[in-house]
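Colleague: Sequence and predicted structure, then a few things I'm wondering about:
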Amino acid sequence: MKINIGLSDSHLSGKEYKYIKQALDANQVSNYGENISCLEKTLEAFLEKNYKVACLSSGTGAIHLALILAGVKKDDEVLCQSMTFSASANPILYLGANPVFIDSENETWNMCPNYLEEAIEDRIFKSEKPKAIIVVHSYGMPAKISEIVAVAEKYEIPLIEDTAEALGSSYKGQKCGTFGDFVILSFNGNKIITTSGGGALATRDKEIKNKAIFLATQAKENAPHYQHSEIGYNYRMSNILAGIGRGQMEVIDKHISLRRSMNIFYKEIFKDVKGVSVFQEPNTDYFSNHWLSCILIESKITGFTRDDLRIELSRKNIESRPLWKPMHLQPIFKDYPFYGSNVSESLFNNGLCLPSGSNLTKKEKALIAKTILDYINH
Ligand SMILES: *Cc1c(COP(=O)(O)O)cnc(C)c1O
C-alpha cells in the first residue's frame, strides 16, 4: 500500500458522532442550536480572560467581519503581517481597503514590532493613520504580542489577532486569542482542531459578539418582515458542524501535546545535523502548540536546499512545503507598500514545513525519519 503522509491531516476522535446525531435528532440542522451555543461556551472557557466567541463558517469570514467591526472602509489602510497565509490579507481587498505589509522578526517569524511602528509613523506622514493591524501567530508560535499590543495602544489602532493556527498557544501564560480587540479562530480541516470548515470571532465585548452574529446572519433587523439597513453576510456556523467542534474540544489538549511531540521528534532527527535548525520557542515566555513543525536549512553548510529535501520527501509520498511566501512578494499584492527588510523573504527561501499531524502513526514517523536521515547521509 502506498503511504501518503500529509502535512497536517484532520484528526477525528469519534466523540463527534454523538453531537452530530443530537443535532439531527433535534432537527437543528441550520445555523442555530445547542451545538453552536455549547461550542461557543467551551471556547470561551478555553480562551479565558472573559472573551466572547461567535462561531462562524470560516476563519476568513471572521477576518472579514473583524475588519468591518473595526470600522475599515474602502480606501482605508490596514497593516498586515506579510509572512502568513493569504486568508489573513484577502478580506482587506474584499472591502476595497489597502493592505500595508510588515516584515517579520527572526525570533518568532511574526510581525516585527519595530517595523510596525516605523510603518505607522510613515503612513501617518504620507497618507493617514491605518485603521487596523492584523498580527498572526504563524505555525502556532506566539508573536511578540505584548510589544505589538503596546504599539497598537500607543497609536490607538484596533488589533486583529489572527489565531487561526495558534489555539492553545500562550505567551507568559496568557492564551493566544486573548490579546487582540478582535480575535479570529479557524477550524478548517488542517488546523489543530476542526469542524470540517469553520471559524470564530472572539472579542471582549458581548455587544460586538452580537453585532458579529447579526452581520453573519444577513443583518436582519427586528421587524415582522425582513428589514435591512446594513450589508449582511451568510457567515454563521452550521449547528451540525458545531457538533464536530464540540467533539474536537474534548481532545484539544491531547492534540496540542501530540503536535508538540512532533516538534521533539524533529529535534531528535536533526540534532546532529549541522546547518539545519528546528523552529522552536525563543524562551520560556513562549508556548507554541507547534501546529506545524518547521526547519531552516543553511544550504551553504548542508549542501542541499529546502527544495532538494522537499523533492526527496515527495518521492516517498511525504508532503512538505516551503514556509509562507510573504504577501508582499505575491503577484496579487505586489503593488502595496511593505515595511521591513528581507527577514520573511529569507525565511521563505530557506524554510520547510514538515508533516506535523497529531495522528501520524509510529510507522509513518519511522518512514519520515528514515527518508530524511538517508537523504542527509547519502
Ligand atoms: C487557515 C487560516 C486562515 C483562514 O481560515 P479558514 O477557516 O480556512 O477560512 C486565516 N489565517 C491563517 C493564518 C490561517 O492559517
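Modeller: That came through fine.
Colleague: isn't Phe182 right next to Ile68, touching?
Modeller: No. Applying CB atoms under 8 Å as the test, Phe182 and Ile68 come out as separate, 10.0 Å apart. Backbone N, C-alpha and C define where each C-beta goes, glycine included.
Colleague: Neighbour count: these two, which is higher?
Modeller: More crowded of Phe182 and Ile68, by other CB atoms under 10 Å: Phe182, with 25 against 19.
Colleague: Residues in a beta bridge with that one, which ones?
Modeller: Phe182 forms beta bridges with Ile160, Thr203, as assigned by DSSP bridges.
Colleague: OK, contacts around it?
Modeller: Ala66, Leu69, Ala70, Pro158, Leu159, Ile160, Glu161, Leu201, Ala202, Thr203, Ile208 (CB atoms under 8 Å, 6 or more residues apart in numbering).
Colleague: Looking at the protein, which residue is nearest the ligand?
Modeller: Gly59 (2.5 Å; CB to the nearest ligand atom).
Colleague: Identify the residue nearest that residue in space, chain neighbours excluded?
Modeller: Distance criterion CB to CB, 6 or more residues apart in numbering; nearest residue to Gly59, sequence neighbours excluded, is Ser186 at 3.0 Å.
Colleague: now the one you found: how far from Gly197?
Modeller: 9 Å (CB to CB, to the nearest Å).
Colleague: A strand includes Asn210, no?
Modeller: No. Using DSSP: H, G, I helix; E, B strand; the rest coil, the assignment for Asn210 is helix, not a strand.
Colleague: can you count the residues close to it?
Modeller: Per other CB under 10 Å, the neighbour tally for Asn210 reads 13.
Colleague: Next: the one 5 residues further on.
Modeller: Using other CB under 10 Å as the criterion, Leu215 is surrounded by 23 other residues.
Colleague: likewise Thr284?
Modeller: 7.
Colleague: The biggest helix by length in the chain: how far from the chain's middle?
Modeller: Counting by DSSP state H, the longest helix found in the chain is helix 252-269. Centroid separation between helix 252-269 and its chain, computed with CA atoms, centre = their mean, to the nearest Å, is 18 Å.
Colleague: out of Ser186 and Gly197, which sits in the more crowded spot?
Modeller: Ser186 (29 against 17).
Colleague: Alpha carbons of the longest helix of the chain, as CSV, please.
Modeller: Taking Å, rounded to 0.1, in the frame of the first residue of the first chain, the C-alpha atoms of helix 252-269 are listed here in CSV:
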residue,chain,number,x,y,z
ILE,A,252,-7.8,19.6,22.0
ASP,A,253,-5.3,19.2,24.9
LYS,A,254,-4.3,15.8,23.5
HIS,A,255,-3.9,17.3,20.0
ILE,A,256,-1.6,20.0,21.4
SER,A,257,0.7,17.6,23.2
LEU,A,258,0.9,15.3,20.2
ARG,A,259,1.8,18.3,17.9
ARG,A,260,4.4,19.3,20.4
SER,A,261,5.8,15.8,20.5
MET,A,262,6.2,16.1,16.7
ASN,A,263,8.5,19.1,17.3
ILE,A,264,10.6,17.0,19.7
PHE,A,265,10.6,14.2,17.1
TYR,A,266,12.2,16.5,14.5
LYS,A,267,14.7,18.0,17.1
GLU,A,268,15.8,14.4,17.6
ILE,A,269,16.2,13.7,13.9
